[in-house]
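Colleague: give the three-dimensional model of this entry:
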Amino acid sequence: MNNVLLCTVGGSHQPILTAIEELRPAHVLFFCSGQDAATGRPGSIEMITGKGKPVTVRRGPDTEQLPNIPTLVELDAAQFTTCIVPPDDLDDCVAQMLEAVTTVQRQYPEALLVADYTGGTKTMTAALVMVALEHDAIELQLVTGARSDLLKVHDGSQAGVAVSAEGIRLRRAMAPFLAAWERFAYGEAVDGLMALRPPRLAPLRVDLQIARDLSRAFDAWDRFDHTAALRDLEVYRARLGQADGRLTAGLFAALKALTGSDDHRAPARLWDLWLNAQRRARQGRYDDAVARGYRLLEWTAQWLLDDIGIETGNVTDEQVPPGAHLPVDSEGRRRAGLWQAWSLAAHHLGGPVQQFMDAQGKRLLNHLQTRNASILAHGETPIARADWQGFADWLEEALLPLLKDQAQRRGLKQLAPQLPTVPFWQSR
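Modeller: Okay, the predicted model is just below:
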């Protein structure tokens, strides 16, 4: 495969000679500085296109003048291209380099591009590295050698060294998808991470695999598939525990309750539904958040009634409170909706449940009217942020204390934390 060398040109010619002699490129793209506008001094372009002997070599007190670099390595005019870039303007330097590299790629579509950033100003070298990181097809290299001080490498000791940028590229590629965790958009993270090409280095492949698996696990959790979430997270329990022991313990305790078969499961699922509603609100999906809040209200009443043998889909005659009206439907069943379910629970359970209905019944009806007028219920009105916030504040003030109390009565002492918004396994 042919090579194309991209190199920044500074004050020293030897690293460039070394890079060209070692790579034997089919073409060289030289990035050079032009004439300085303030002083009129020639830029490094002179070392490439200058006539006569523009290259100055200093050996102690003595100097020697040599021909330009293409002449020294016997490059003819068709074998190299020059691009003059601003030596101290990073943004413009990157833009011009990108344009020049794109042109070379079109001319040599099958070639391996190698970017040597040894020479040039700090801005020029930084710009070339940035350009290389934008393209998986560009490899980085540096010419280095023996040093007796911090100023320069001894002539004759130079050699080109491949510079691995795979880790940098992977982290840059993963970053926007892991940032989706901030919005609880785990499915979006999975899709993006799965589209990335696995890196060659084994440790980097592991990093990508962990990110994919954990994004998939929390996406499953966010879709109420707790069994799949537990399966995918279990593999990384020890690693996650080392990164954040408290959060990890809370997550696995929650999944144990959510996937269990004891009295803890129902209140754990109710609390999980509340956290899910909060996540939808965080995404600006207020209709979805309110729908989940409504289901939380309904399900809580159903759970309380189920504990005492009352099924809201088939309420018996004896279970209907005196004076209450719960008609028989076409299938011969008495079905209790949300309001009737809470009324039944208050009557049969008394205590905190009765107190909740006595104190909050009117506000419950008001919130139900807002929900029923929404698009996802029976109306055409979209739920605004203020509608959700008012509903959420009421749930936190009135319903959640009752839910927590009833959960503790059934032995569920620890409720789940909210799902993570950062890739916390990377914290160490």
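Colleague: any idea how far the residue nearest the centre of the chain lies from R205?
Modeller: Nearest to the mean C-alpha position of the chain, by Cα atoms, centre = their mean, lies L178 at 1.2 Å. According to Cβ to Cβ, to the nearest Å, L178 stands 16 Å off from R205. C-beta: built from backbone N, CA, C; applies to glycine.
Colleague: helix, strand or coil for I310?
Modeller: coil (DSSP: H, G, I helix; E, B strand; the rest coil).
Colleague: is it true that it touches E318?
Modeller: No: counting by Cβ atoms under 8 Å, I310 sits too far from E318 to count as a contact (10.1 Å).
Colleague: quick one, which of these two is more surrounded?
Modeller: Legend: neighbour count by other Cβ atoms under 10 Å for I310 and E318, higher for I310 (21 against 5).
Colleague: got a list of contacts for stretch 133-141?
Modeller: 6, 19, 98, 101, 105, 112-117, 129, 131-132, 160-165, 168-169, 172, 197 (Cβ atoms under 8 Å, 6 or more residues apart in numbering).
Colleague: in strands, which of those fall?
Modeller: L6, L112, L113, V114, A115, D116, G160, V161, A162, V163 (DSSP state E).
Colleague: which of the residues you listed count as buried?
Modeller: Among these, those scoring as buried are L6, L112, L113, V114, A115, D116, G160, V163 (criterion: 16 or more other Cβ atoms under 10 Å).
Colleague: got those residues as a markdown table, with distance to W274 columns?
Modeller: Below are those laid out as a markdown table (distance: Cβ to Cβ, whole Å):
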| residue | distance to W274 |
| --- | --- |
| L6 | 56 |
| L112 | 55 |
| L113 | 53 |
| V114 | 56 |
| A115 | 52 |
| D116 | 57 |
| G160 | 60 |
| V163 | 50 |
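Colleague: least confident pick among these?
Modeller: When those are sorted by pLDDT, the bottom entry is G160 at 63.
Colleague: out of the ones in strands among the contacts of stretch 133-141, which is nearest to T56?
Modeller: Of all the ones in strands among the contacts of stretch 133-141, D116 has the smallest distance to T56: 21.0 Å, by Cβ to Cβ.
Colleague: quick one on the thing from earlier: so what's the residue nearest to the centre of the chain closest to, chain neighbours aside?
Modeller: P423 (4.9 Å; Cβ to Cβ, 6 or more residues apart in numbering).
Colleague: three-state assignment of R58?
Modeller: strand.
Colleague: oh, I was asking about K53
Modeller: Per three-state DSSP, K53 ends up coil.
Colleague: secondary structure element for the closest residue to it other than its chain neighbours, which one?
Modeller: Spatial nearest neighbour of K53, excluding adjacent residues (Cβ to Cβ, 6+ apart): Q65 at 3.7 Å. Here Q65 sits within strand 62-66, counting by DSSP states H and E.
Colleague: same question for K413.
Modeller: Per DSSP H and E, there is no helix or strand for K413.
Colleague: name all residues that make contact with it.
Modeller: If you count contacts by Cβ under 8 Å, 6+ apart, then K413 has nothing around it.
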